[in-house]
Each structure stands twice: as structure tokens, then as C-alpha cells.
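Participant: Model the structure of this input:
(one chain, ligands or ions: 1)
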Amino acid sequence: MSQVHLLDHPLLQHKLTLMRRKDASTNSFRRLLGEISSMMAYELTRDMALQPIEIETPLEASTGMVIDGKKLVFVSILRAGNGILDGMLSVVPGARVGHIGLYRDPQTLTAVEYYFKMPSEMQEREVIVVDPMLATGNSAIAAVQRLKELNPKSIKFCCLLTCPEGVAAMQQAHPDVDIYTAAIDRGLDEHGYIRPGLGDAGDRIFGTK
Ligand code: URA
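Facilitator: Residues are numbered from 1 along each chain as shown. Below you'll find the predicted structure:
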């Protein structure tokens, strides 16, 4: 079974609380999400491979360790996932970026893909899928399913907030995909919103209604 990594550093909790407040401005919400995302990127990349390179310090020759950021792909589930991208890229600027767009068919309630654009050679890359809210899990599950067709080296899922239902659905569908989150809230309401949550993440990031 996959692991759930609860990233509850005091700075993350503090910033998340500010984001939850209904009177947080679009500007603050977006900035805080960016700050939290860059901090989460440290944990998400903790196991990235390092390679030795020869360097010259001002005093002598030495061997340093570097990562190959290009091997990493952040995959944003549109549109709210884009709110996480900038923060992640500020920490790993060489990473590649993929986008996947899904909407919910009102009849079948299943996720239907309308956009899918990934870097080449996905089988050589490590994937981190980003979406601020893991609620019912339908979009996340469909996105990961689609990415598995490209056979990447690994897939992790990163959200800001989730709930027991979202975690259970994701773990059942993809027991090989670890989940990274800053909080696990009480549960879903009848409209599929996470409670207490923070409302509609996409609307709050982009200032739409
Ligand atoms: N998507 C959101 O933006 N918010 C929720 O609470 C659940 C899904």
C-alpha cells in the first residue's frame, strides 16, 4: 500500500490556515500556495538521485553532487494544479512540465480527458502530479491512470489538502502512488467539497466565481 506523507511543518500549517480564511485575497491565496508548494517540493524530491561532478573551488579541485532536474516532470491537473507549479519550479527550475485537463461528465460522473500534453521520453522521467485538492479522487485517479500508459519511472501525487475519502479512493486505485499533503481534513460534503477545506481552489487561485 502507498504511503501518505503528511507534511505538517509549522510554517506550512500557518500558511495553510491563512489560505483557508474566507477573507484571504486572491493575491494572498496565490502567493501562499506558491510558498507552500516550494516547501513541499523539498520533501517530494528528497529521494532524487544525485550524481558526482568534478568542480574547482577557489582553493582546490573537489567533487560535488548535483541532481538532474530535467528528469523530473511536474504534471498539473488543470486548472487548479497550475497554482502549485510556480512554487515547485522555483525549487527545481530545470524540471519539465506536463498538463492534463479533465472534466466531469454530468451523466456518467466519470472524468473525461480534454487535454493531454507531456514531455517526450516519459519512460526516463519521474513524475509528480499536482492538484491542490484531493477530494473524491476521480480526477487524480484518471490522471494517474493515463500517465501510467507512458510508463514513467515513478509517480507521486501532491496536493495541499485531502480527506479520508480521497486518500482511500486513491490508495485503492493506485496502491503504488505515494500521496503528499499538507493536511487531511474531516471529510467530503454532499457537493464533493472538502470540509472544513478552503472552498473552490481554482476560483480562489484565479479570482473567478
Ligand atoms: N475541489 C475544490 O476546489 N475544493 C474542494 O473542496 C473539493 C474539490
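
Participant: Can you tell me what sits against the host helix or strand of I53?
Facilitator: Assigned by DSSP states H and E, I53 falls within strand 50-56. Applying CB atoms under 8 Å, 6 or more residues apart in numbering, the contact partners of strand 50-56 are A61, S62, T63, G64, M65, V66, I67, D68. Every residue, glycine included, has its C-beta placed from N, CA and C.

Participant: tell me which of these is nearest to S37?
Facilitator: When the contacts of strand 50-56 are ranked by distance to S37 (CB to CB), I67 comes first, at 18.0 Å.

Participant: Check the burial of that closest one by counting its neighbours.
Facilitator: 15 (other CB atoms under 10 Å).

Participant: Now that it has come up, it's in contact with R46, right?
Facilitator: No - contact between I67 and R46 fails when scored by CB atoms under 8 Å: they sit 11.1 Å apart.

Participant: The residue most central in space within the chain pairs with what?
Facilitator: Nearest to the geometric centre of the chain sits V130, at 2.3 Å (CA atoms, centre = their mean). The partner list for V130 in beta bridges (DSSP bridges) reads S76, C158.

Participant: Quick check: longest helix in this structure by residues?
Facilitator: Criterion DSSP state H: the longest helix present in the chain is helix 26-44.

Participant: pLDDT averaged over it - what is it?
Facilitator: Averaged over helix 26-44, pLDDT sits at 98.

Participant: where does the residue nearest to the centre of the chain land on pLDDT?
Facilitator: V130 is given a pLDDT of 98.
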